[in-house]
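*Asks:* Let me see the structure of the following:
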Amino acid sequence: AFVTTVLMIALGKWLLEPILFLRDNLKAASSSPEAPNILRSPYDPRDEIGGAISIAQDLIKQNAKNLRQIKNAAQSQIHKLAYYDTLTGLPNRTLFIQKLAETLKTGDQPADKTVRRAVITMDLDHFKDVNDSMGHNVGDAILGAVGKRLRAALPESAVIARTGEDEFAITMPLTE
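*Replies:* Model (predicted):
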């Protein structure tokens, strides 16, 4: 009975406690995969069980890092899709209206002056005919070129957006 008790205590200390420690860390990681709150291992990583715990902790940390990177990339892509035109790379109607509202709200002029901005809208006449006769690839190339030329021709302070199929909008400060 004494030998059995000693063996049970030794097995609990050398085998059961590390396994329970590993289980607790895995449970903590599964409840918060992006920011796991895992405890530092008190077990020697040079033995079999300590090495397994060390590898599991490294995998938990690596998984959390990968999840954060994927989430950040997805959020960035969602933002880009929501606020930018995929063809021209210019802001879309939603972002244009937001930027215009912010400018009018805060103003980009000193407090003693009123906000003076030009708002210009333009569309390409008979653009549907270009798409119908030459194809959408040619139409897309024309839209991309128009966006680049507008960006190159206007000052950095101008906000240029593609607001529709063949429509662009521009807002920029007026100079005196």
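*Asks:* helices or strands up against the longest helix along the chain?
*Replies:* The longest helix of the chain (DSSP state H) is helix 48-83. Contacts defined by 3 or more CB pairs under 8 Å, 6 or more residues apart in numbering; DSSP states H and E place helix 48-83 against helix 17-31, helix 93-106. The way it works is simple: take the backbone N, C-alpha and C, and place the C-beta from them, glycine included.
*Asks:* Got the confidence number for the residue nearest the centre of the chain?
*Replies:* By CA atoms, centre = their mean, the chain has its centre lying nearest to residue 76, at 2.2 Å. pLDDT for residue 76: 96.
*Asks:* Find the nearest non-adjacent residue to residue 33, please.
*Replies:* Leaving out its chain neighbours, the residue that sits closest to residue 33 by CB to CB, 6 or more residues apart in numbering is residue 67, at 5.6 Å.
*Asks:* And that neighbour, how close does it get to residue 54?
*Replies:* In this structure, residue 67 and residue 54 are 21 Å apart, going by CB to CB, to the nearest Å.
*Asks:* Tell me where this protein is predicted with low confidence.
*Replies:* Counting by pLDDT under 70, the chain has low-confidence residues at 107-115, 176.
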